[in-house]
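[1] Below is the sequence, then the predicted model.
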Amino acid sequence: MSAQMQSTPQTLPAFCEGIQYFADSFPEIDRLGASPLLGPNQPALPDASSEAAIYQTLLAADALRYLTLQVTGSKSSGHPGGFASSADAVAALHLLGHRNMVTEVGHHAPGFYSAMFLDTSLEDMGIHTVAEMRTRFRERHGLLGHLSGAIPGLLAPAGPLGQGQHFAMAGAYLHRDKLFPVTIGDGGLGEPYIMSAFQHFATAYPDVTNYLPVLVWNGYSQEHHSMVSLWDNTRMTDYWRAHGFDDVYLIDAREFADTPDAPVYTDSTTFGFDARMAFTGAVLKASDDAARGALSGRRSCLIIKQLKGAGVHATGAKSHNLYAHHTLDSDDVKGGLQRRALPIKAWEITRENFRHAGGGPAARIAVTESVRELPSLDGLPLTEFALGENHVPTTAFGNVVGEVGKRDPMFVVTNADGNEASGMANINKALTIRHPTADDLYFQGPSGQVYEPLNEDACAGLAVGIALFGGRSLWCSYESFAINGLPIWQTVTQAMAELRRPTPATVCLFTAGALEQGRNGWTHQRPEVESYFAAMMRNGNVYPLFPVDANMIQASYGWALKQKNKGIVITASKSPLPVRTSLAQGDAAIEQGAIVLQEHPGKQSVVFAVTGDMVLQPVFAAAEKLAESGIGSRIVAVVNPRRLYRPGDVLWGSVSEPDGRFMDDDTFKAMFHGDVLLGISGGPSAPLEPVLLRSQAAQRDVFCWKRGETTASPQQLFDFNGMNAQAMSARALAMLERTAS
């Protein structure tokens, strides 16, 4: 067949505007492409083994490849190669009616956009033609370089490698009657998280099998061969079986090559028509068998072994990325488009098949395109502790968590290092650790709601995936170890900022702060993680909360449960601490951003702005020392620092479910004005930034965490970090002297 420019508007479907090349013909199109197999009353291929089904799947794969190269080539930017080698499997699963597809590979984005264009989902964002898709690709308010929360029909974001499997498993957990395929690149397979996450989930939820990993084994990663490129088929199959998969379907393009010297990784698009049909038929059958198995209790995996870049402008790692010299007029891109060109009739057939696959455009039928109904949490029982009593904040929190789980049976708590070690054994007792071994001594059993893989990525991944897909979840972690789970938490929270629907906030609780882990030394003393959230506050939808006691932590969680499309981080201690506020005061502090805990009159005034709970102990002691010298003080708990920024500091107006509440200037002045301001934090100083930005005190300074050490008590850690009451009062007096002079 030959390819030519199309310039006859009368014969060109409107959506094809922007396609540069069309083929004069395609083998067997009159016989096998006489009419689309899918339609209003036919949401999936009626017979996946029929010659017509195989043929129309082949057309769909070529259409996806063509669009991927056409769109990326139009901007000399983007990543066509990885998706191109997966196109046959992606096309097969779509035409089989499985539309809830996610990916582990952000670089496959243009292929996923192409599928959403073909099924008309992108019309929801004003993209009706290929020309419009080309214009909007990799532009603001358009088709982002990686999948995000903004694109109609696409279920989940795709950023750093090693994340997509969490979305597939979360979707499968919440929607047991639907299949959730997830494409995984063999470049990303080097991430250790992927397979361990699958294996732990399979052990904890043996009855949830309706997710389908699709390994795109193409021999290359971004700039070199993949680390598994030398494995043979047996080793790869054994690898997946060893991680809990019952059925592994591996389709190797080389086995269908019509030349005797085909390389280990082969491009099926170079085969003759009969060999291409044989390969596509094998992919379609394996996809169908794997999908049916996954939906009927068999943990299944589909592996497509095909050369990276199959059917686009280059192969191997050279196909991964387009650069400035890759234009639509360069020989390589132009040649790739002409090789993949289809006749107009093929485009019409493919468009109709995608439009009706699964029952309609993904923007209408994907599970994340509608709000998931949730059981009511009205009237959660909270315990009002008396002022002055000592109570463990995390234990008070755990009582509320248990009640949430009892009311919402799909609610999941994740924790890698143990709730009991964080003062929250009551969560395990109320909700049970999910484990195949039933043992009442450890509150564990096969139907529990507490998910405990020893992997923070798996903890964070399932928790945020459930929240993104419309469910309630809670990720609990030692502050020290949480860093391994933060990349996916950040990915999802950022996606929630641009999501097209409201969904429950992703909530996490970080306990066992540095001051409580003295005996363990610096390995358990890493509060620097709080700087991560402080930086994210400016995104507009991230809220680190620092409750001061057992009452306020309950108020914090109650507030978090009502929020939508936010990332909320509660940091608290697991030690008995004085109750300093009522529940009502806690509510007010969270809404307002801060609360005055104590005020002493005096001839001069020192304001202590404090984030944290245990660190209040030396602060109160410092205030008493100042009072002995006739110096006044005010202790202000900075509970919700996001509220303390100025509106212009935060991109709050650009996010879904925008929250534009900030403390006004008069209230801020009444709380934080003084002769001297001391910012105090048991962690880093970053959460205090909004206070330091707005304060007009002539003298300002900060006491914060410096470094961990092995100690016998919190006081020794305060001393080591120069954060004891003596140092604070002395610093305040010195600052007052400078002010007076």
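    That came through fine.
[2] For the rest of this, base every contact and every neighbour count on C-alpha atoms.
    Will do.
[3] Excluding chain neighbours, give the residue nearest to the spatially most central residue of the chain in space.
    The chain has V492 as the residue nearest its centroid, 3.0 Å off, counting by C-alpha atoms, centre = their mean. Leaving aside its sequence neighbours, V492 sits nearest to V464 (C-alpha to C-alpha, 6 or more residues apart in numbering; 6.5 Å).
[4] for the one you found, what are its contacts?
    S473, I488, W489, V492, T506 (C-alpha atoms under 8 Å, 6 or more residues apart in numbering).
[5] And H79, by the same measure?
    H79 sits next to T72, H107, H108, A109, P110, S319, H320, N321, L322 when contact means C-alpha under 8 Å, 6+ apart.
[6] circling back to that earlier point, verify the contact between the residue nearest to the centre of the chain and A463 for me.
    No. At 10.2 Å, V492 does not count as touching A463 under the criterion of C-alpha atoms under 8 Å.
[7] list the contacts for R340?
    R340 neighbours (C-alpha under 8 Å, 6+ apart): D62, A63, R65, Y66, G311, V312.
[8] Closest to D440 out of those?
    Taking C-alpha to C-alpha as the measure, D440 lies nearest R65 of these, at 54.7 Å.
[9] does the closest one count as helix, strand or coil?
    helix (DSSP: H, G, I helix; E, B strand; the rest coil).
[10] What separation do you get for it and T183?
    From R65 across to T183, the span is 16 Å (C-alpha to C-alpha, to the nearest Å).
[11] Neighbour count: those two, which is higher?
    It is R65, of R65 and T183, that has more neighbours when counted by other C-alpha atoms under 10 Å, with 30 against 26.
[12] Spatially nearest residue to that one, not counting backbone neighbours?
    A84 (5.5 Å).
[13] Repeat that for G445.
    What sits nearest to G445 in space, not counting adjacent residues and going by C-alpha to C-alpha, 6+ apart, is A438, at 4.1 Å.
[14] List the residues that contact that neighbour.
    Q444, G445, P446.
[15] my read: the last one touches L431, true?
    No. Counting by C-alpha under 8 Å, L431 is not a contact partner of P446; they are 11.4 Å apart.
[16] between these two, which one's more packed in?
    Taking other C-alpha under 10 Å, P446 and L431 do not tie; L431 has more neighbours (25 against 17).
[17] so where do the helices sit in the stretch 1-150 of the chain?
    Applying DSSP state H, counting those that start in this stretch to the stretch 1-150 of the chain gives helices spanning 29-32, 51-75, 81-84, 87-95, 109-118, 130-136.
[18] among the ones you listed, which is nearest P393?
    Nearest to P393, of all the helices of the stretch 1-150 of the chain, is helix 109-118, at 43.6 Å by C-alpha to C-alpha.
[19] for the closest one, packing partners?
    helix 51-75, helix 81-84, helix 344-356 (3 or more C-alpha pairs under 8 Å, 6 or more residues apart in numbering; DSSP states H and E).
[20] Least confident of those, on average?
    Of all the helices and strands packed on helix 109-118, the minimum mean pLDDT falls on helix 81-84 (a mean of 94).
[21] Tabulate the CA atom coordinates of that helix in CSV.
    The C-alpha atoms that make up helix 81-84 are tabulated as CSV, following Å, rounded to 0.1, in the frame of the first residue of the first chain:
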residue,chain,number,x,y,z
GLY,A,81,8.5,4.4,21.6
GLY,A,82,7.4,2.6,24.8
PHE,A,83,3.7,2.9,24.1
ALA,A,84,4.2,1.7,20.5
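[22] and it, what does it pack onto?
    In this structure, helix 81-84 makes packing contacts with helix 51-75, helix 109-118, judged by 3+ C-alpha pairs under 8 Å, 6+ apart.
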